[in-house]
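Undergrad: Return a 3D structure for these sequence lines:
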Amino acid sequence: WEKLDVAIVGAGDPRLGKVPVPQFFFSDPVSAKILAKEGVVGDLLCHFLEHDGSLSDPVFDRRVMSIPLSWLKKVPCVLGVIGLVEKKHVLQAVLRGGYINVLITDAETARAVLEEKGEGGERGGNERDFGAKDISNNLIERRRE
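TA: Below is the predicted model:
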């Protein structure tokens, strides 16, 4: 992991049923308990996240066979591919946690994230509050063209 220059990551919410990870991973009693916690919004590389981007359960997280999020933050280019409005809360957590520095999403999801922030999805908003570049506005502008 130390030599990694670029990472392409996905995030989601296994409760939506649209994940490539086998559902049994999320249905064991320990995982189910974590997913039921009020603050859990989804996962990034199977690491369960809270609204603020922090790990939901660091002890459980040791079971995850994925790059540790602390190491992911050290990768120079981390591209997040996160779409669907239903995933806006996990996207916000990923951005707040500072886990990605490039975002690929659809215009509808970008707009939903910005609207929830009170930015209205208009050009010139301050997405940097989430720790990501202002790519979402560019996506919205391209969609309008």
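Undergrad: can you give me the strands for the chain?
TA: Listed from the start of the chain, the chain has strands (DSSP state E) covering 6-12, 40-44, 47-50, 77-81, 102-104.
Undergrad: Tell me the gap between the first one and the middle of its chain.
TA: The chain centre lies 8 Å from the centre of strand 6-12; the measure is C-alpha atoms, centre = their mean, to the nearest Å.
Undergrad: now that strand and strand 40-44, what's the angle there?
TA: With axes from the mean of the first three to the mean of the last three C-alpha atoms, to 10 degrees applied, the angle from strand 6-12 to strand 40-44 works out at 150 degrees.
Undergrad: partners of strand 6-12 in the sheet?
TA: If you go by DSSP bridges, strand 6-12 pairs up with strand 40-44 (antiparallel), strand 77-81 (parallel).
Undergrad: picking that back up, would you list the strands of the chain in TSV and tack on distance to residue 57 and mean pLDDT?
TA: The way it works is simple: take the backbone N, C-alpha and C, and place the C-beta from them, glycine included. Formatted as TSV, the strands of the chain follow (distance: least, C-beta to C-beta, whole Å; pLDDT from 0 to 100):
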stretch	distance to residue 57	mean pLDDT
strand 6-12	17	93
strand 40-44	9	89
strand 47-50	6	91
strand 77-81	22	95
strand 102-104	26	93
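Undergrad: and those, which is most packed in?
TA: strand 40-44 (a mean of 24; mean count of other C-beta atoms under 10 Å).
Undergrad: so which of the strands of the chain comes closest to residue 69?
TA: Nearest of those to residue 69, taken as C-beta to C-beta: strand 47-50 at 5.4 Å.
Undergrad: who does the closest one touch, helix- and strand-wise?
TA: Contact here means 3 or more C-beta pairs under 8 Å, 6 or more residues apart in numbering; DSSP states H and E; on that basis strand 47-50 packs against strand 40-44, helix 58-61, helix 88-97.
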